[in-house]
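# Fold the following and give me the result.
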Amino acid sequence: MDHDKSALVEADLVRMARGGEMAAFEELVARYRDKIYARAYSMMRHEEEALDLSQDAWVKGWQRLAQFQGDSSFITWMTRIVINLCLDQLRKQKRQRAESIEAMEENGGGGIELRLPVVQPNPTRGLERAELRERIDRALGQLSHEHRTVLVLHEFEELEYKEIAKRMKCSIGTVMSRLFYARRRMASLLAGLKRESSE
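All right, here's what the predicted structure looks like:
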């Protein structure tokens, strides 16, 4: 088939791609790669990582195309794939950070003093921000996957309840109760972590 792919509707392109037609899939990539990259970047806040993860998402999308049922739009399905990849990567990074902190503690600080910058205009402000970020990270890590996801999508991605419900395949009511619980749990975890650090 050699007709102009850009004129085809999404459903036709998906059908052709599922039939093994790479050019149809490439047209889907061309249409949606910016959106998928933007979502990866909004979660990772790092260009290279966002590029790598959006590429991985397209590879996974091609490999799993047979599983695409068409219950949602193709872009919604692809967005779910990239979000899951980002969440996996964020979890992995958190584990690595925790392991490297443990390793530093075992090595008696590992010369960390040598790596600290000599001049810092307001060291406490930077430290407070870093500590707060770390506390938020630690608190997020203690939430269940569902509660963390709903919080990330609403607070950081700024998605509406309806969109989150569609992504997570649950009702708007479920999203609202998960978000309510996640916020309450985060508040108590952060308060607890703040107490720990001030003791």
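
# Checking L159 next. Helix, strand or coil?
coil (DSSP: H, G, I helix; E, B strand; the rest coil).

# neighbours around it, how many?
Residue neighbour count, defined by other Cβ atoms under 10 Å, stands at 17 for L159. Backbone N, C-alpha and C define where each C-beta goes, glycine included.

# and if you look at H154?
Quick note: H154 (other Cβ under 10 Å) scores 20 neighbours.

# Show the contacting residues for it.
Applying Cβ atoms under 8 Å, 6 or more residues apart in numbering, we find H154 in contact with 161, 164, 175, 179.

# From E146, how far off is the third one?
V175 sits at a distance of 10 Å from E146 (criterion: Cβ to Cβ, to the nearest Å).

# Quick one: list the elements packing against the helix or strand where Y181 lies.
In this structure, Y181 sits in helix 172-198 according to DSSP states H and E. Using 3 or more Cβ pairs under 8 Å, 6 or more residues apart in numbering; DSSP states H and E as the contact definition, the elements that helix 172-198 packs against are helix 123-141, helix 145-151, helix 161-168.

# what's in contact with the shortest one?
When contacts are taken as Cβ under 8 Å, 6+ apart, the neighbours of helix 145-151 outside the stretch itself are 83, 87, 140-141, 143, 164, 168, 175, 178-179, 181-183, 185-186.

# again, 10 Å this time
Helix 145-151 has contacts (Cβ atoms under 10 Å, 6 or more residues apart in numbering) with 83-84, 87, 90-91, 139-144, 157, 159, 161, 164-165, 167-168, 170, 174-186.
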